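Trainee: Kindly generate the corresponding structure for this input.
(2 chains)
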Amino acid sequence: KQEVTQIPAALSVPEGENLVLNCSFTDSAIYNLQWFRQDPGKGLTSLLLIQSSQREQTSGRLNASLDKSSGRSTLYIAASQPGDSATYLCAVNYNNNDMRFGAGTRLTVKP
Amino acid sequence: DAGITQSPRYKITETGRQVTLMCHQTWSHSYMFWYRQDLGHGLRLIYYSAAADITDKGEVPDGYVVSRSKTENFPLTLESATRSQTSVYFCASSEARGGDEQFFGPGTRLTVL
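Mentor: Predicted coordinates for the structure are as follows:
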């Protein structure tokens, strides 16, 4: 079964800290992996997309890495801000259309 | 407005009633998707469509029907709603291939009493 796990489920950090969110998946035959942000009561906002042939992607203060062989991806957030508070979802795309989501990490950045 | 919209945003219905959730995108994306989001399960794919008149089942299709007569619209119908279908439903689209980046609508919160 293709499962996606995100650890921790919740994380609280003071403003300014660098932090890492983790995503692991059981089947390494992925097409790509996508990180999303979800604010309460809102839809999902795409943050980064990593193709299976790539090792990392960067956008501003965000950096996502992918290690297919170990079934892991990390999302690194530099210099966290209160506006970064949200739930972060990892989604693994299998077979071009079958996307499996993790349950998410709820991040709180305290001023 | 450009983007992907869903309607209604909130819906309360009763068990056994038919409900249709609408999804509209203005990007002319080929692929469209329907997901449901439940506590403890994350998001799960219900149905997807690769183009007009082409649809296929996802992980949890039972109890749902979809159609795609036009590229920009992808309605999801619950033919006889059940309490277990109480959830938040998200529509998404991607440009050319299903493996491309997916863009999500704001969601519809459905409550079945």
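
Trainee: Briefly note if stretch B:68-80 comes near chain A.
Mentor: No. Using Cβ under 8 Å from any Cβ of the partner chain, we find that stretch B:68-80 stays clear of chain A, coming within 13.9 Å at best. To be clear about C-beta, it is placed using only N, CA and C from the backbone, and glycine gets the same treatment.

Trainee: Distance from that stretch to the middle of the chain?
Mentor: 8 Å (Cα atoms, centre = their mean, to the nearest Å).

Trainee: Contacts for it next, please.
Mentor: B:16-26, B:28-30, B:32, B:34, B:46-47, B:49, B:51-55, B:63-67, B:85, B:89, B:91, B:110 (Cβ atoms under 8 Å, 6 or more residues apart in numbering or on different chains).

Trainee: Might you list the low-confidence residue ranges for the chain?
Mentor: The chain I'm using is chain A. The model of chain A has pLDDT under 70 over residues A:96-97.

Trainee: meant chain B, my bad for not saying
Mentor: Checking chain B against pLDDT under 70 turns up B:1-2, B:96-99.

Trainee: Enumerate the residues of it near chain A.
Mentor: Going by Cβ under 8 Å from any Cβ, the residues of chain B near chain A are B:31, B:33, B:35, B:40-45, B:48, B:50, B:56, B:58-59, B:90, B:92, B:97-107.

Trainee: What subset of the contacts of stretch B:68-80 is buried?
Mentor: Restricting the contacts of stretch B:68-80 to buried positions leaves B:19, B:21, B:23-25, B:29-30, B:32, B:34, B:46-47, B:49, B:52, B:55, B:64, B:66-67, B:85, B:89, B:91, B:110, with burial counted as 16 or more other Cβ atoms under 10 Å in any protein chain shown.

Trainee: Restricted to strands, list those residues.
Mentor: B:19, B:21, B:23-25, B:32, B:34, B:46-47, B:49, B:55, B:64, B:66, B:89, B:91, B:110 (DSSP state E).

Trainee: quick one: the residue nearest to residue B:19 when sequence neighbours are not counted from chain A, how far?
Mentor: Leaving out its chain neighbours, the residue that sits closest to residue B:19 by Cβ to Cβ, 6 or more residues apart in numbering or on different chains is residue B:78, at 4.6 Å. Residue B:78 sits at a distance of 20 Å from chain A (criterion: Cβ to the nearest Cβ, to the nearest Å).

Trainee: do residue B:10 as well
Mentor: 10 Å.

Trainee: likewise residue B:3?
Mentor: Residue B:3 is 10 Å from chain A, by Cβ to the nearest Cβ.

Trainee: Equivalent analysis for residue B:77, please.
Mentor: 21 Å.

Trainee: Pull the number of nearby residues for that residue.
Mentor: 14 (other Cβ atoms under 10 Å in any protein chain shown).

Trainee: and the residue nearest to residue B:19, how many neighbours does it have?
Mentor: Residues lying near residue B:78 (other Cβ under 10 Å) number 20.

Trainee: and if you look at residue B:101?
Mentor: With other Cβ under 10 Å as criterion, residue B:101 counts 14.

Trainee: which SS state does it fall under?
Mentor: coil (DSSP: H, G, I helix; E, B strand; the rest coil).

Trainee: All set, thanks.
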